[in-house]
Each structure stands twice: as C-alpha cells, then as structure tokens.
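[1] task: produce atomic coordinates for the following.
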Amino acid sequence: MAGQYWFPNMPIPEIMSSLSEWGLSVSHEQLARPSSDFVAGVFTACLDQVTSITQEVLHEPIQNALAALDDQYTDLYHASIAHNFLLYHLTRFANAARIMDFSAKDLYLPDPERTRFILSAFINFVKFAEQCTPFITNLRDQSTTIIEEREQVAQELATFQHKLNILKTQRAKDEPKCEELRAENAAITAHLMAAKETSQSVAKGIEALKIDKASIILKKEGINADISMLLDNVQRTRGRIVQSPERIKRNITAMGTTAIEDKKTLAMHEAKTRDLQAKITVLTNVEKEVRSCIEQLQTIEKEAQLLESSQKELADVKDSLDYKKIERMDLQMKKERVHRQLTNAQEKLERAQRHAEEKRHASQQTIERLQREYEQMDIERRDNDKLVEELRKEADDTEAKMAEHLKKSEGELNELLDEYWKVRHATEVYMETLANKLNMSVDAE
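    Prediction:
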C-alpha cells in the first residue's frame, strides 16, 4: 500500500501505548472496529503532534473561506469545507509519511487493517519528527523569519508604491508649469539665437564700415597730399609769373574757382567723414550692447548650469537622506525583529526545557512501568516454565503409559486373534463333520 516504502506494522497494544503517551486513551475495541469519528480524532492528534494544526486552528480559515463565498446559505457548506480542509492537511501529512494513496475513504469508511497500517506509519513519522526536533525547530524559525521579512518587504513596497504614486501625482500637477517653463525657455533660446544672428550681421556691417573708413582716410590723405603739391606748384608758379595783370587775374580767378571746388570737395568729404564717424560710433555702441548681451547670455547659461547642478545635488542629497532614513528604519526593524526573536527563542527554550523535563519524567515513568511489567513477565515466565516442565513430564508419563498400554493391547489383540483362528478352525471342522454325517454339501467361505 505504501509503494516502495515499508513501515513496521505495529500491533494494537503498541499503538495504544504510543497514543497514550500523547494523552489519547483508546481501547482495543476502537482499534479493532474503528469508526469515522474515532479515526478523524486520532489522525488529527497525529497531525497536531507534527504541524500543530487542530480543529481550532482550522476554524478561522474555514470562516474566511465561507466569507469569500458571498452566499447567504453558508451553513450548508460549513461541514463540507471543514472536511475538505481536514482532508487536505491529512493528505499532505500522509504524503510526508510516505502513504501516497491516502484518500477520504480512509477517513470516512475506515478498514481495521488499513487504519492500523496508517496509524503505524503516522506514529513512526511522529517519532522520527520528535528525533529531528532541533532541525525542524530551526526550519520553522527560519520559515517564520522569512515570512516576517516578506511581510515587512511587502509593507515597505506598499509604502514606496504610495510615495511613488504621490510623486507621480505631484509630477502630473507640475507638468503644466514645466511645459510653460519649457516653452519660455524655448522662446528665450530663440530670441537669443536671433539676437546672436543680429549681432553677427551688425559685426559684419561694422567691419564693412571700418573698411570704408580706412579707404576714406586714405582718400583724404591723398587729397591733402594733392593740396600740398598744388600749393608748392602755386609758390613755384608765382615765382615764375610774369607781371601781367590780366593773366594774373585770370590765373587768380581760375585758381579761386579751383580752390572753391576743392573746398567744396573737402567739405563734402568732411561731411561724409562725420557721417561715417557717427555711424561708426553707433555701430560701436551696438557692438558693445551685443557683447553685453552675449556676456549676459553666457552668464545666464552658467547660472542655468549652476542651477541644474544645484538641483541635481539637491536631488542626490534628498535621495541620500531618504536612503539614510530607510536604513535607519531597517536597522530599527531589524533591532525589533532580533529582540522579538530573542524573546521567542527564550520562550521556545523554556518550552523545550519544560517539554524535555516532561518527556524525561514520562520516559522515567514508562521505564519504571516497563521494568515492573518486565519483572512481572519474568515471574510469569518462570511460572510458565515450571508449568511447561510439569506438563512435559506428564506428557512423557502419558506417552510411556500409552506405549505400555498399546503394547499390552497388541498382545491381547494377538491372543484374541489366535483364539479367533482356533475357534474358527474348530467350527469349520465341526461343520464339515456334521455335513459328512448328514450327507450335506457345505461350501467353504
């Protein structure tokens, strides 16, 4: 029934003794003719010895399952759900005890032999679990710690999720303002780019005006050189002039006309020079303003970079602060968890010591009871040996008497047979003689 696994099939007295150690009083009749209630109670007690699962422990999950049904007739399902919960845990327990074919039939239609086999497997498994109590306790403590840590991580995850939702909500609220700032930043950038292009075109105009100014200055210097040469020529010419008043008048008139034209030309060039000087001054002022704008733009960019770096540093500091807070909370919770673990360990140690003391006391009582039973059995065995010896002697005497009686009976039987054959021979002789006398024919049988 258990496949490749084998368990010693315990006799009923040994099963009763093992169950009595757990505080279960059962009778020989209950094990010989088990009922479903009796089997359920004993199996649940075995389950409680290993997993601490009882009917009271299953009450809350059953109520939760009934509440999840959302039905007004939950009383109709209470018994069936309770049986299903109990059957589920007993099946897991049976699989752990290597009874792979455990089913509801073993619980509700118990067979005596099958029930004794299952109880043998359960009792062996419980005793094995009691031998491995430190290992199982360590595993349970680790499981409890892992469950607590998982719940703590789940709580932290919910907290972080809540904070993340708050940040997302705040980000959604700040998004229109960010869009406005991005649009304003884009407009300022476009304006700065347009101002930069304007400054570049103004700079090109200034360079062209500078070139024009240089060419005009060169022309002015050429005109001044021409005027100097003309004055020299006038002086030399005056030295060679023949004193002719008419010719002198004509020359003077011609030179006056030329001088007037030269003065007009010079005045015109000076006006152009003043205009160019004014334009150069204006362009210089524009260039200074453009340079100041560029410097302001550079200053704004530097301040924007500093602001961005400061925001990043502020965000890093906030993250570091949050991380430190989380670490502090983790350390606080670890401290509390370690304190709880220490308290639980002390309580478990006290319970284990009390349990060990109780088991030692129970074992001592069991040893004393077994010693008394052994002594009583030894006395009974000696009495039985004496009785067997007497019976053996009586049997030997009886056998001897039977042999003697048999021998005597055989002798008497042989004597009777001899007498029988003698009487029969005499009878045959008598009959033959009588037949001969009476002239009768007698057939010998």
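[2] distance check, the nearest residue to T258 once chain neighbours are set aside against A259.
    Distances taken as C-beta to C-beta, 6 or more residues apart in numbering put L230 closest to T258, at 8.0 Å, once the chain neighbours are dropped. From N, CA and C alone the C-beta is placed, and that goes for glycine too. Separation of L230 from A259 (C-beta to C-beta, to the nearest Å): 9 Å.
[3] okay, now the unreliable bits of the stretch 1-150 of the chain?
    1-8, 70-74, 77 (pLDDT under 70).
[4] tell me how many other residues crowd the residue nearest to T258.
    15 (other C-beta atoms under 10 Å).
[5] residue numbering should commence at 38 henceforth.
    Okay, residue one is now 38; in that scheme the one you just asked about reads as L267.
[6] so it is in which element?
    Using DSSP states H and E, L267 sits in helix 170-277.
[7] same check on Q402?
    helix 282-475.
[8] helices or strands up against that helix?
    helix 170-277 (3 or more C-beta pairs under 8 Å, 6 or more residues apart in numbering; DSSP states H and E).
[9] the helix it packs on to helix 282-475, inter-axis angle?
    Per axes from the mean of the first three to the mean of the last three C-alpha atoms, to 10 degrees, the angle that helix 170-277 makes with helix 282-475 is 160 degrees.
[10] quick check: closest non-adjacent residue to T403.
    That would be E58: by C-beta to C-beta, 6+ apart, it lies 7.4 Å from T403.
[11] distance check, the one you found against I49.
    From E58 across to I49, the span is 15 Å (C-beta to C-beta).
[12] still on that earlier bit, can you count the residues close to the residue nearest to T403?
    For E58, the neighbour count with other C-beta under 10 Å is 14.
[13] got the buried residues for stretch 164-182?
    Residues of stretch 164-182 classed as buried: A166 (neighbour count, 16 or more other C-beta atoms under 10 Å).
[14] do me a favour and average the pLDDT over stretch 240-253.
    On average, the pLDDT along stretch 240-253 is 82.
[15] neighbouring contacts of that stretch?
    Under the criterion C-beta atoms under 8 Å, 6 or more residues apart in numbering, residues 306, 309-310, 313-314, 316-317, 320-321, 323-324, 327 lie in contact with stretch 240-253.
[16] would you indicate which residues of stretch 329-348 are buried?
    In stretch 329-348, counting by 16+ other C-beta under 10 Å, buried: L334.
[17] what does that stretch contact?
    Contacts for stretch 329-348 (C-beta under 8 Å, 6+ apart): 229, 232-233, 236.
[18] at 7 Å what do you get?
    229, 232, 236 (C-beta atoms under 7 Å, 6 or more residues apart in numbering).
[19] what's the local residue count around the second one?
    The burial metric for A232, expressed as a neighbour count using other C-beta under 10 Å, is 15.
[20] list the contacts of it.
    C330 are the contacts of A232 under C-beta under 7 Å, 6+ apart.
[21] and it, how far is that from T128?
    Computed with C-beta to C-beta, the distance linking A232 and T128 is 84 Å.
[22] about what we covered before: reformat the contacts of stretch 329-348 as a markdown table; add distance to N121.
    Below are the contacts of stretch 329-348 laid out as a markdown table (distance: C-beta to C-beta, whole Å):
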| residue | distance to N121 |
| --- | --- |
| L229 | 77 |
| A232 | 82 |
| S236 | 87 |
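[23] nearest to L471, out of those residues: which one, please.
    L471 lies nearest to L229 out of the contacts of stretch 329-348, by C-beta to C-beta, at 174.6 Å.
[24] ok, for the closest one, nearest residue in space, not its chain neighbours?
    L334 (5.3 Å).
[25] remind me which residues of the stretch 338-482 of the chain are low pLDDT?
    Looking at the stretch 338-482 of the chain by pLDDT under 70, you get 476-482.
[26] residues near A382, how many?
    So A382, with other C-beta under 10 Å, has 13 neighbours.
[27] and if you look at V79?
    The tally of other residues near V79 (other C-beta under 10 Å) stands at 23.
[28] ok, now which ones touch it?
    56, 61, 63, 156.
[29] many thanks, we can stop here.
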